[in-house]
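Enquirer: next comes the sequence, and after it the predicted model I'd like to discuss.
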Amino acid sequence: MTVVEHRLTVIRGAAPRRPHNARTLAALAANPGCRRRALMDAAGVDKGAVASRLGMPVSIGQMSSIALARGMSFEAQVKAEGGAELLRLLREHIGLPIAQAHYHDLNPADEDDRITSRLRRSQHALQEAATADGAVGTMFDHPILQLKVNGLAVFIEPDLVAFKFGDRLRVVEIKSFPIVDGTADPGKVAAAAQQSAVYVMALQEMLRGSGLSGDLVSHDVILVCPKDFTNQPVAVVIDVRKQLASLRRQLIRMESIESLLNLLPEALTFDLREHDGQATRDPEDLANAVAQVSARYSPECLGSCELAGVCRAEAARTVPVLGRTVREDLGGIDSITEAVELATGRRVPGQEQRQAAAILQAAYRMRQQALEAVR
Ligand code: SF4
């Protein structure tokens with residue numbers, strides 16, 4: 001075990017590791033300046049359990065058991081009989097000129113099938129397909145991919161099928177939200193595109209690691225969803241180039257975990273000291289440990305991070321709770337009280353606050369004029 005791995009194990013404590021997935025990677029990349037999330041995710045800490053122990057749980061991405069069952073049944077329907085339905089869809093909606101396709105199941109063979117063995121099998125199968133001559137009609141169900149995040153390799157177990165069409169590998173993402181009259185919930189489509197970008201990048205990285213070109217992976221992802229309110233699947237193509245570029249930028253901006261660990265005490269741990277399945281750690285002691293790692297709260301955290309309640313309470317009455325745009329506009333001003341005092345002229349701005357103070361004073365004047373006009 002390397003020093004970094006040992007430190008991360010101490011930070012996680014006795015709890016089982018929470019692996020990354022495309023959703024957590026997409027959320028991590030959406031807030032690259034947050035050291036707290038970067039550290040906890042690298043260590044595989046159960047952030048939801050930490051938030052619960054601190055009395056501020058926030059549920060993220062949790063589907064009801066009905067929605068979960070519906071999603072699983074839709075995915076099973078699309079992949080049934082060796083992907084026959086999927087193949088029909090791809091021919092019908094995407095114009096895939098393949099009459100038949102081989103179905104390569106990369107799911108675990110049994111309970112002892114280690115993730116590293118599955119990664120090797122996936123690498124072998126996908127590299128072979130990428131370098132084969134011409135179109136290879138093979139679907140790869142649940143391959144294991146790997147991506148470097150903060151200098152650490154993380155496994156991603158995507159719920160996807162990739163297949164080769166022409167000279168490129170394609171990613172197929174199956175989601176259970178409906179496409180009604182050709183339109184779907186934009187937030188859900190954006191989240192699916194962001195997750196798919198993680199898969200595309202991981203596939204590209206896998207191929208580059210074998211000396212192949214990342215261009216062998218298409219940035220056009222095939223999204224399969226139920227049509228209208230039926231169980232009939234429909235496929236659409238989404239271009240994830242924008243999401244890929246943003247993900248790449250954010251991952252580059254992230255600090256390496258090793259340099260982050262160097263700033264923190266060696267004994268730091270988020271261990272909940274569980275006994276008989278119950279957390280026994282003193283919440284105050286846990287809160288002190290959490291506070292040692294800086295966070296970068298913004299309202300978007302509420303939809304993407306289980307610690308949002310904790311970080312929002314910590315950031316109360318500071319400018320970041322008002323959102324990223326306001327934080328950027330009011331650079332150099334930390335608290336809402338300070339912002340109000342600058343706006344109303346009760347505080348003299350420092351050299352670096354003059355520009356923000358002028359904006360605040362102009363906004364305050366406009367507000368006063370609007371209020372007087374309606375009196
Ligand atoms: S909720 Fe807290 S830990 Fe999570 S991303 Fe936001 S600031 Fe970071």
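Expert: The structure has been received and is ready for your questions. Numbers count the residues shown, from 1 in each chain.
Enquirer: can you list the low-confidence ranges for the stretch 101-250 of the chain?
Expert: 134-137, 159-162 (pLDDT under 70).
Enquirer: residue of it closest to the ligand, please.
Expert: Closest residue of the stretch 101-250 of the chain to the ligand, CB to the nearest ligand atom: Gln250 (12.4 Å). The way it works is simple: take the backbone N, C-alpha and C, and place the C-beta from them, glycine included.
Enquirer: what does the stretch 1-150 of the chain give?
Expert: Per CB to the nearest ligand atom, Cys34 is where the stretch 1-150 of the chain lies closest to the ligand, at 3.3 Å.
Enquirer: contacts only, for the closest residue to that residue other than its chain neighbours.
Expert: Once flanking residues are discounted, Cys34 sits nearest to Arg296: 4.3 Å by CB to CB, 6 or more residues apart in numbering. Contact analysis of Arg296 by CB atoms under 8 Å, 6 or more residues apart in numbering lists Asn31, Gly33, Cys34, Arg35, Arg36, Pro320.
Enquirer: Val78 is in contact with Glu85, correct?
Expert: Yes. Glu85 is within contact range of Val78, at 5.4 Å (criterion: CB atoms under 8 Å).
Enquirer: which residues are common contacts for the two?
Expert: Shared contacts of Glu85 and Val78, defined by CB under 8 Å, 6+ apart, are found at Pro233.
Enquirer: between the two, who's got more neighbours?
Expert: Neighbours per residue (other CB atoms under 10 Å) separate Glu85 from Val78, with Val78 holding more: 22 against 16.
Enquirer: low pLDDT regions in the stretch 251-375 of the chain?
Expert: For the stretch 251-375 of the chain (pLDDT under 70), the answer is none.
Enquirer: tally of neighbours for the nearest residue to Arg248 once chain neighbours are set aside?
Expert: Once flanking residues are discounted, Arg248 sits nearest to Met201: 7.1 Å by CB to CB, 6+ apart. Neighbour count of Met201, defined by other CB under 10 Å: 26.
Enquirer: quick one: contacts for Met201?
Expert: Taking CB under 8 Å, 6+ apart, one finds Leu147, Leu244, Leu247, Arg248 in contact with Met201.
Enquirer: of those, just the buried ones, ChimeraX syntax please.
Expert: In ChimeraX, this line selects whichever of the contacts of Met201 come out buried by 16 or more other CB atoms under 10 Å:
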select :147,244,247
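Enquirer: what's the most distant pair in the contacts of Met201?
Expert: Leu147 and Leu244 (12.2 Å; CB to CB).
Enquirer: for the stretch 1-150 of the chain, which segments count as strands?
Expert: 102-105, 138-141, 145-149 (DSSP state E, counting those that start in this stretch).
Enquirer: burial measure for Ile359, as a count.
Expert: Using other CB under 10 Å: Ile359 sits among 13 other residues.
Enquirer: how about it, nearest residue that isn't a chain neighbour?
Expert: In space, Ile359 is closest to Asp329, 6.3 Å off (CB to CB, 6+ apart).
Enquirer: quick check: the one you found touching Ala358?
Expert: No. Judged on CB under 8 Å, Asp329 makes no contact with Ala358 at a distance of 11.2 Å.
Enquirer: so the two - more neighbours on which side?
Expert: Asp329 (16 against 12).
Enquirer: now Ile238, what are its backbone angles?
Expert: phi -120, psi 140 (degrees, to the nearest 10).
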